[in-house]
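Q: Using only what follows, build the 3D model:
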Amino acid sequence: MTLRRRLVLSIVALVVAVSAVIGGGSIIALFSIQRSAIDQQLQYATNRAQRSLQNQGPNGPGIELSRPSGQAAGTLTVYFLNGDAVVGNVLDNAGGVDPVSPSATKPLGTVRVDQEPHTVDLGADLGRYRVTAAPFGPAVLVVGLPMAPVYESVWKLFGVVVVVTALALVAASAAAAASVRRSLRPLDRVAATASAVADMPLDRSDALDGVRVPETDPDSEVGRVGTAFNRMLGHIGNAMQARERSEQKVRQFVADASHELRTPLASVRGYAELTRRMGADLPPDVVYATGRIESESVRMTSMVEDLLLLARLDEGREIQFAEVDLTGLVLDAVNDAHAASPGHPIEVDLPEEPVTVVGDAARLHQVVVNLVTNARTHTPEGTRITVGITRSDDGVDLTVRDTGQGIAPEFLPKMFERFARADSSRSRTAGSTGLGLAIVDAVVQAHGGAVRVSSVPGDTVFTVSLPDRT
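A: From the prediction side, this is the model:
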């Protein structure tokens, strides 16, 4: 449930609760006041009935018992003698009298004789009455007044309370919705800005330039949140710029160092090769050491070239787009792999028609070579490798699949990081710089594509998706 809905419901619930308390209190107060008025009228009616009895002759109470002067319509008078109702009548609206039925006189005979008002239910004909029982010589005089007017007033007030509460509920809902919407409008702007930032690719240091929460009021709580959010965005932007400057320095250092190392490495390699060729009279251990210097210089030169390539790719260089026959690149890479690793059966799964893409032929060839080399280097001999090309809705998918032992799940998220190695999960029979898959990822991203990997024991698949730029 949203904050706006919770606030509106809270306000509406508060209005309903207040209305219920006020309405219930009013109903209880009205009932109490009117019952008190009935009790006072009942006392007067009892006094009049007693005076009327005192004025009766020696024959005892007669029909006049229920018709003393001043009694109101609906007044009930019953005279009990030795527990039996001698006379019992109710005044009607025309001033006449109606006899009280035996079913009604029965509960009246149980009323406590304490001259205090009591409420008695006299059945469907008469309903509830407020009655008092007073001793009169050897007899008991019971006088009562109907409670129907009281209940009628209470029910009318209850209806008024319900209608007023309903109207107040509707008005409070509309007013609360408008007020909460207006009050939370700054929070909506904060949420909209946060959503925009969450959806933005933060790969540039200027990505957050101009992205701020508008119209922040420091005097309100929400405004202070917006102000703090703007300060946070400013800090993040500054941190991103500092990080980009640092990364740029690192890239520049790597590029400069790689470039400067190429010449001395070439010299080391050249002198080592020259020494090895002219070392017929040298001791065998010296010849072996010279060969090792030459091979390690070759390996280090390859690493320097990879670092230089990554640095240039980070700077957006080294990519020259043209139409490339991807099928031919795959066949060339597979033929080279056959010659380099005859112990690995390598198959191709290609469409009948040649597949062409727009990209850099040299860099894409390097992608295929690195993936195939990764598969045959990190799997034992006899592992089957399949290189395939399929067309998709968005472009072309290049897959390299092997049936090796698979890659550890915890290593998959960092598979394409620089200098990352999965030595514990893939058998490595040759040296590796840990830059091959990083170059694959950088080249594919430079082409606007993506590379992903899935692996289970017996089935590891690298998939390169290249967009259709034709």
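
Q: Check which helices and strands the longest helix seen in the chain sits against.
A: Taking DSSP state H as the criterion, the chain has its longest helix at helix 221-277. Packing partners of helix 221-277 (3 or more C-beta pairs under 8 Å, 6 or more residues apart in numbering; DSSP states H and E): helix 185-199, helix 284-314. Heads up, the C-betas are built off the backbone N, CA and C, glycines and all.

Q: any idea which of these scores lowest on pLDDT?
A: Among the helices and strands packed on helix 221-277, helix 284-314 carries the lowest mean pLDDT, at a mean of 79.

Q: Now the element after it, going C-ward?
A: Of the helices and strands lying after helix 284-314 in sequence (DSSP states H and E), the nearest is strand 322-325.

Q: That following strand pairs with which strands, parallel or anti?
A: The pairing partners recorded for strand 322-325 under DSSP bridges are strand 356-359 (antiparallel).

Q: what's in contact with the partner strand?
A: Applying C-beta atoms under 8 Å, 6 or more residues apart in numbering, the contact partners of strand 356-359 are 319, 321-327, 364, 395-396, 447, 466, 468-470.

Q: Glu116: neighbouring residues, count only.
A: 11 (other C-beta atoms under 10 Å).

Q: Quick check, it in contact with Arg130.
A: No - Glu116 is beyond contact range of Arg130, at 10.7 Å (criterion: C-beta atoms under 8 Å).

Q: Please put the alpha-carbon coordinates of stretch 104-118 into CSV.
A: Provided in CSV are the C-alpha atoms of stretch 104-118 (Å, rounded to 0.1, in the frame of the first residue of the first chain):
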residue,chain,number,x,y,z
ALA,A,104,-49.1,-7.2,30.2
THR,A,105,-50.2,-7.2,33.8
LYS,A,106,-48.1,-10.2,34.6
PRO,A,107,-44.7,-8.5,34.3
LEU,A,108,-46.1,-5.5,36.0
GLY,A,109,-46.9,-7.6,39.1
THR,A,110,-43.1,-8.4,39.4
VAL,A,111,-42.0,-4.8,39.5
ARG,A,112,-40.2,-3.9,42.8
VAL,A,113,-42.3,-1.7,45.1
ASP,A,114,-39.7,0.9,45.7
GLN,A,115,-41.2,4.0,44.0
GLU,A,116,-38.2,4.0,41.6
PRO,A,117,-38.6,4.0,37.8
HIS,A,118,-38.0,0.6,36.0
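
Q: Quick check: buried residues in it?
A: 104-105, 108, 111, 117-118 (16 or more other C-beta atoms under 10 Å).

Q: any idea how far the closest residue to Val369 other than its chain neighbours is from Gly382?
A: In space, Val369 comes closest to Ala333 once its chain neighbours are excluded; the distance is 4.9 Å by C-beta to C-beta, 6 or more residues apart in numbering. Applying C-beta to C-beta, to the nearest Å, the value for Ala333 to Gly382 is 20 Å.

Q: Pick out whichever of the two has more residues nearby.
A: Neighbour comparison, Ala333 and Gly382: the larger count goes to Ala333, with 24 against 10 (by other C-beta under 10 Å).

Q: And the helices in the protein, which stretches?
A: 3-54, 102-108, 123-126, 148-183, 185-199, 221-277, 284-314, 326-340, 361-377, 436-446.

Q: Can you lay out the ones you listed as JSON lines showing distance to Val348?
A: Converted to JSON lines, those look like this (distance: least, C-beta to C-beta, whole Å):
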{"stretch": "helix 3-54", "distance to Val348": "59"}
{"stretch": "helix 102-108", "distance to Val348": "105"}
{"stretch": "helix 123-126", "distance to Val348": "99"}
{"stretch": "helix 148-183", "distance to Val348": "63"}
{"stretch": "helix 185-199", "distance to Val348": "41"}
{"stretch": "helix 221-277", "distance to Val348": "34"}
{"stretch": "helix 284-314", "distance to Val348": "26"}
{"stretch": "helix 326-340", "distance to Val348": "6"}
{"stretch": "helix 361-377", "distance to Val348": "11"}
{"stretch": "helix 436-446", "distance to Val348": "19"}
